[in-house]
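[1] build me a model from this:
(one chain, ligands or ions: 1)
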Amino acid sequence: MDFSWSEEQAAFRKEVIRFAKQELNDDVAKRDREEEFPVEFWKKCGAFGILGLPVPQEYGGGGADTLTTVCALEALGYGCKDNGFLFSLNAHMWTSELPLMAFGTEEQKRRYLPKLASGEWIGLHCMTEPMSGSDAYSMRSRAERKGDRYVINGSKTFITNTTHGDLFVVFANVDPSKGANGVTGFLVEKGTPGLVLGKKLHKMGLRTSPMSEVALVDCEVPAENILGKEGSGQAIFTHSMEWERTCILASHLGMMQRLIETCVKYARERQQFGQPIGKYSAIANMIADMEVRLETGRLLIYKAAWLKSQGRHALREAAIAKLFVSEATVQTCLDAIQIHGGYGYMAEYEMERDLRDAVSGKIYSGTSEIQRVIIAGFQGL
Ligand SMILES: Cc1cc2nc3c(=O)[nH]c(=O)nc-3n(C[C@H](O)[C@H](O)[C@H](O)COP(=O)(O)OP(=O)(O)OC[C@H]3O[C@@H](n4cnc5c(N)ncnc54)[C@H](O)[C@@H]3O)c2cc1C
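    Residues are numbered from 1 along each chain as shown. Predicted coordinates for the structure are as follows:
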């Protein structure tokens, strides 16, 4: 076992932190208040090469291995304070680029991956519906084959990246009598008649990441826009979720590191009862626990990423990493606010925004309860 980054990875990590600090932090508080997605940051990330990191070079990507991608995402989370933007970036990578790479035809890959990798296009996926969240495959959306086309009808909710999205990976059932085995993925381009953006949704956190409802009203797509084949939606979604749960919270590791550094500095400077508050074990212990959570989270995410880089399954490990790091981040945000006392509670100190952003980690990509169901399932429960 080797727990160190290679020289190239360490240099890349530094470069990503520099880029993120310099280019991705303008007006975060204002954009959070106004729920504004930073299009210009997206373009910068495209030019820097972040958006296509896991995409093979032959399709315009960076061809990075999983651990290098995780290393870059962690560095982004450390340098960039806009967690909403990073969430949008992760949704794009893990739920549009990755399924295309694994299930797309050569023609689909050539058509879409270069645009997604360069940042010219934004990707997203539409699975959740008003009546089906955790029980995703009980969806009501239907797709019917008519000659050389599919006609999709249904409604989706809680969909990320919609208002700025170009390529929608839409799931619908082609044969409800087969249950989950009828669920199928389709590639639907923005502007396709019948693809209708619904109500914009206003969130507690991640407010710079756009979200809305999506309706599919007799939405016709050419038959060649099927992703995989009829009935392979379950395999596509499981594949996306395994990757997403492995990597999406790498940026939270960076966020936790940033919060720890802020807390240590404050604990050294802030004096009460004639000495720095860091001298009180109540405060020092909170910081020690933050460190334990960060280091444990790193080990879990790196292990899941390593398994993926070996081409191995990591369903269980990804669920453990996702569960632990999402909950660890919420606790770390709460502790950071506590250490800063009244100041921590003030918007100016920016930790309340991190907390609001972090809470969603326990819900998206499968709730904490569902991760526990998966983990217990490996014990036959
Ligand atoms: C910020 C954010 C971004 C999102 N982006 C997208 C997106 O881009 N595309 C998309 O398709 N979806 C997206 N979602 C939706 C997300 O995947 C769902 O919210 C999530 O899967 C939970 O579904 P639900 O909200 O319907 O809750 P429900 O499934 O109704 O769950 C309600 C409660 O019941 C619990 N529960 C449900 N089933 C079980 C069980 N078997 N055992 C124990 N407890 C259970 C849940 O854990 C939860 O506490 C996003 C959500 C959020 C918050």
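[2] which parts of the stretch 251-381 of the chain sit against the ligand?
    360, 363-364, 366-367, 369-370, 373 (Cβ under 6 Å from any ligand atom). (Glycine included, C-beta is placed from N, CA and C.)
[3] by neighbours, which of these wins?
    residue 366 (23 neighbours; other Cβ atoms under 10 Å).
[4] tell me how far the closest residue to the ligand within the chain lies from residue 366.
    The ligand sits closest to residue 133 of the chain, with a gap of 1.7 Å, by Cβ to the nearest ligand atom. Remark: distance between residue 133 and residue 366 (Cβ to Cβ, to the nearest Å) = 10 Å.
[5] can you give me the strands for the protein?
    123-126, 142-146, 149-160, 167-173, 183-189, 195-200, 211-222, 226-227, 271-272, 275-276 (DSSP state E).
[6] what is the third one packed up against?
    Okay, so that is strand 149-160. Of the remaining helices and strands, those touching strand 149-160 by 3 or more Cβ pairs under 8 Å, 6 or more residues apart in numbering; DSSP states H and E are helix 83-92, strand 123-126, strand 142-146, strand 167-173, strand 183-189, strand 211-222.
[7] the fifth one to strand 142-146, inter-axis angle?
    By that I understand strand 183-189. Strand 183-189 and strand 142-146 are oriented at 70 degrees to each other (axes from the mean of the first three to the mean of the last three Cα atoms, to 10 degrees).
[8] and strand 183-189, which residues are buried?
    Buried residues in strand 183-189, counted by 16 or more other Cβ atoms under 10 Å: 183-188.
[9] what's the angle from that strand to strand 211-222?
    Going by the same axes, to 10 degrees, strand 183-189 makes 90 degrees with strand 211-222.
[10] show the average pLDDT along strand 183-189.
    Mean per-residue pLDDT for strand 183-189: 98.
[11] briefly note if that strand comes near the ligand.
    No: judged by Cβ under 6 Å from any ligand atom, strand 183-189 makes no contact with the ligand; its nearest approach is 11.8 Å.
[12] direction included, what does that strand pair against?
    strand 167-173 (antiparallel), strand 226-227 (antiparallel) (DSSP bridges).
[13] so how far is the shortest one off the chain centroid?
    For strand 226-227, the gap between its own C-alpha mean and the chain's C-alpha mean amounts to 22 Å (Cα atoms, centre = their mean, to the nearest Å).
[14] so who does the nearest residue to residue 54 once chain neighbours are set aside touch?
    Distances taken as Cβ to Cβ, 6 or more residues apart in numbering place residue 69 nearest to residue 54, at 5.1 Å, with adjacent residues excluded. Shown in contact with residue 69 (Cβ atoms under 8 Å, 6 or more residues apart in numbering): 53-54, 247, 305.
[15] phi, psi of the residue sitting furthest away from the middle of the chain?
    Distance from the C-alpha centroid of the chain peaks at residue 274, with 44.2 Å (Cα atoms, centre = their mean). Phi and psi for residue 274, reported as degrees, to the nearest 10, are phi 80, psi 10.
[16] and it, how close does it get to residue 189?
    66 Å.
[17] for this structure, give me the ranges with low pLDDT.
    For the chain, no stretch has pLDDT under 70.
[18] wait, which of the helices and strands packed on strand 149-160 is closest to residue 2?
    Among the helices and strands packed on strand 149-160, the nearest to residue 2 by Cβ to Cβ is helix 83-92 (26.3 Å).
[19] please list the residues outside that closest one that contact it.
    Taking Cβ under 8 Å, 6+ apart as the rule, helix 83-92 contacts 24, 32, 37-38, 41-42, 45, 50-51, 73, 76-77, 80, 116, 122-125, 160-161, 205-210, 244, 247-248, 251, 255, 353-354, 357-358, 360.
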